[in-house]
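Undergrad: coordinates for the following, if possible.
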Amino acid sequence: LRKQKAYVRKLYEKNVELLEHKSAIATAAQSGLNRAAGLNEDLKSSLLERIDQTINNPEIFCAQDFSLHQLATLVESNDKYVSHVINERYHKNFKQLLNEARVAEACRRLGDQEHYGHLTIAAIAKDVGFGSRSNFALAFKRVTGISPSDYLRQAHHKG
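TA: Numbers count the residues shown, from 1 in each chain. Here you go, the predicted structure:
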């Protein structure tokens, strides 16, 4: 049990560190764009910048019905180009990127007792755009390596 608690604590600390370094990683990865059919480097850079701005805005991506088509509309492009840039830049598909952004926002909220301490895990899951607590728990564990309740426990322990 002691080993398990230490493991959960390390995973929690790792995830907090990853959240803090998110913008630095995003900037470094932007330089890795390759040529794609139909998109030159200037268009890809511009599109990537608009995607980053949109996907980093919780008010937008936390909507339960947020989709690739809505993202493409918001960044004034088409689904194919947006999907291509996401695949190339982030090395994942739109759904994975969206779930990671939502889980990162959930982590921020789970750690912010002052503003979100009165909410349950299920309420936070719904607020960040997940349709059910079980889908949230699966995505959360896939992204962070620990369950939402373990993360919350560690956040309370640190606070």
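Undergrad: what about residue 54, distance to residue 44?
TA: Using Cβ to Cβ, to the nearest Å, residue 54 is found at 15 Å from residue 44. Any C-beta I mention is one placed from the backbone N, CA and C, and that applies to glycine too.
Undergrad: check residue 19 too.
TA: In terms of Cβ to Cβ, residue 19 sits 26 Å off from residue 44.
Undergrad: what about these two, which has more around it?
TA: residue 44 (20 against 16; other Cβ atoms under 10 Å).
Undergrad: just list what the helix or strand containing the more buried one packs against, helices and strands only.
TA: Under the criterion of DSSP states H and E, residue 44 resides in helix 41-55. Where contact means 3 or more Cβ pairs under 8 Å, 6 or more residues apart in numbering; DSSP states H and E, helix 41-55 is packed against helix 22-30, helix 58-61, helix 68-74, helix 79-90, helix 94-111.
Undergrad: will you turn those into a markdown table that also has mean neighbour count?
TA: Listed next are the helices and strands packed on helix 41-55 as a markdown table, based on neighbours: other Cβ atoms under 10 Å:
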| stretch | mean neighbour count |
| --- | --- |
| helix 22-30 | 12 |
| helix 58-61 | 15 |
| helix 68-74 | 17 |
| helix 79-90 | 18 |
| helix 94-111 | 21 |
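Undergrad: can I get those in a markdown table including mean pLDDT and distance to residue 137?
TA: Compiled in a markdown table, these are given as follows (pLDDT from 0 to 100; distance: least, Cβ to Cβ, whole Å):
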| stretch | mean pLDDT | distance to residue 137 |
| --- | --- | --- |
| helix 22-30 | 51 | 22 |
| helix 58-61 | 94 | 19 |
| helix 68-74 | 95 | 24 |
| helix 79-90 | 91 | 23 |
| helix 94-111 | 94 | 10 |
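Undergrad: out of those, which is closest to residue 50?
TA: When the helices and strands packed on helix 41-55 are compared by Cβ to Cβ, helix 68-74 sits nearest residue 50, at 7.7 Å.
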